[in-house]
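J.: here is a sequence together with a model predicted from it:
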Amino acid sequence: METAFRKYRKDAGLTQEELAAVISVRKPTISRYETGARRVPPERCRAISQAIGIPTHLLRPDLFMEAAE
């Protein structure tokens, strides 16, 4: 099943490697974020949101859900 993170990244036309370069992490980190094996740190949420257009509450609902309501 494709995650929202992966869908937004693909819709933005970026590979995992390209997104990793944009937000200054390694490609395996992006893979872990996409599969849920690793949570996106709060300090990376805004950069990822801006890079691929995903709302921050989809990256970390525990931190940003109230902002979406």
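T.: Yes, it's here.

J.: low-scoring stretches of the chain, by residue?
T.: Residue ranges of the chain with pLDDT under 70: 1, 66-69.

J.: hey, where'd the helices end up in it?
T.: All helices of the chain, identified by DSSP state H, fall at 4-11, 16-23, 27-35, 42-52, 56-59, 61-68.

J.: please identify the deepest-packed of these.
T.: Among the helices of the chain, judged by mean count of other C-beta atoms under 10 Å, the one packed with the most neighbours on average is helix 56-59 (a mean of 19). C-beta here means a position set from N, CA and C on the backbone, and glycine is covered the same way.

J.: tell me which other helices or strands that helix touches.
T.: Judged by 3 or more C-beta pairs under 8 Å, 6 or more residues apart in numbering; DSSP states H and E, helix 56-59 is in contact with helix 4-11, helix 42-52, helix 61-68.

J.: would JSON lines of these with distance to R26 be doable?
T.: As requested, those are arranged in JSON lines below (distance: least, C-beta to C-beta, whole Å):
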{"stretch": "helix 4-11", "distance to R26": "15"}
{"stretch": "helix 42-52", "distance to R26": "13"}
{"stretch": "helix 61-68", "distance to R26": "23"}
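
J.: A21 is nearest to which of these?
T.: The closest of the helices and strands packed on helix 56-59 to A21 is helix 42-52. By C-beta to C-beta, the value is 10.0 Å.

J.: contact partners of that closest one?
T.: The contact list for helix 42-52, computed with C-beta atoms under 8 Å, 6 or more residues apart in numbering, reads 5, 8-9, 11-12, 14, 19, 22-23, 25, 33, 40, 54-56, 59-60, 63-64.

J.: contact partners for L58?
T.: A4, F5, Y8.

J.: run the last query once more with 7 Å
T.: Contact analysis of L58 by C-beta atoms under 7 Å, 6 or more residues apart in numbering lists A4.
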